[in-house]
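Here is a sequence with its predicted model. Questions after.
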Amino acid sequence: MSLPVPVATIGLLLASNVFMTIAWYGHLKFKTAPLVTVIFISWGIAFFEYLMQVPANRIGHGYYSAAQLKTIQEVISLSVFAIFSWIYLGEKLGWQHGIGFSLICLGAWFIFHDFG
């Protein structure tokens with residue numbers, strides 16, 4: 001039994017973005033760790049992101065256009081980052097974040113609609 005293309009693509013993109021967010025921002029709680037150490041640890045975590053990102057794009061391309069795949073990835077990335085920064089980093093999200101995210105989602109809506 002294989003998963004439908006949208007489920008496989010979005011699931012892999014979601015998982016890959018969790019790894020990438022951890023790789024890029026997880027070290028911010030460990031500012032006393034040597035920079036070279038966090039670079040190598042982040043690079044190791046990012047490897048797992050690539051193990052999911054590349055297949056997601058390969059599976060999804062054809063069903064989705066490249067622009068649509070990138071749009072899905074960006075909306076997922078921002079969603080994962082917002083949750084991560086709130087829960088892990090303890091940063092508050094304000095109304096301006098909600099408006100900005102809504103505008104990005106509006107842009108995504110335009111990417112997925114064919115007007116002509």
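Nice, I can see it.

Report the central residue of this protein.
Ser77 (2.4 Å; Cα atoms, centre = their mean).

count of neighbours near Gly98?
Using other Cβ atoms under 10 Å, Gly98 has 11 neighbouring residues. For every residue, glycine as well, the C-beta is placed using N, CA and C.

Do a quick rundown of the helices in the protein.
All helices of the chain, identified by DSSP state H, fall at 5-25, 35-60, 66-87, 95-111.

Comparing those helices, which stretch has the densest surroundings?
Highest mean neighbour count of the helices of the chain: helix 5-25, a mean of 19 (counted as mean count of other Cβ atoms under 10 Å).

okay, the angle between that one and helix 35-60?
Counting by axes from the mean of the first three to the mean of the last three Cα atoms, to 10 degrees, helix 5-25 points 170 degrees away from the direction of helix 35-60.

Now helix 5-25: average pLDDT?
What helix 5-25 shows for mean pLDDT is 97.

Show me what that helix is packed up against.
helix 35-60, helix 66-87 (3 or more Cβ pairs under 8 Å, 6 or more residues apart in numbering; DSSP states H and E).

wait, which of the ones you listed is closest to Met1?
Closest approach to Met1 among the helices and strands packed on helix 5-25 is made by helix 35-60 (15.2 Å; Cβ to Cβ).

ok so, going back, pipe the helices and strands packed on helix 5-25 into a markdown table and attach distance to Cys105 and mean pLDDT per row.
Shown next, in a markdown table, are the helices and strands packed on helix 5-25 (distance: least, Cβ to Cβ, whole Å; pLDDT from 0 to 100):
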| stretch | distance to Cys105 | mean pLDDT |
| --- | --- | --- |
| helix 35-60 | 19 | 96 |
| helix 66-87 | 7 | 94 |
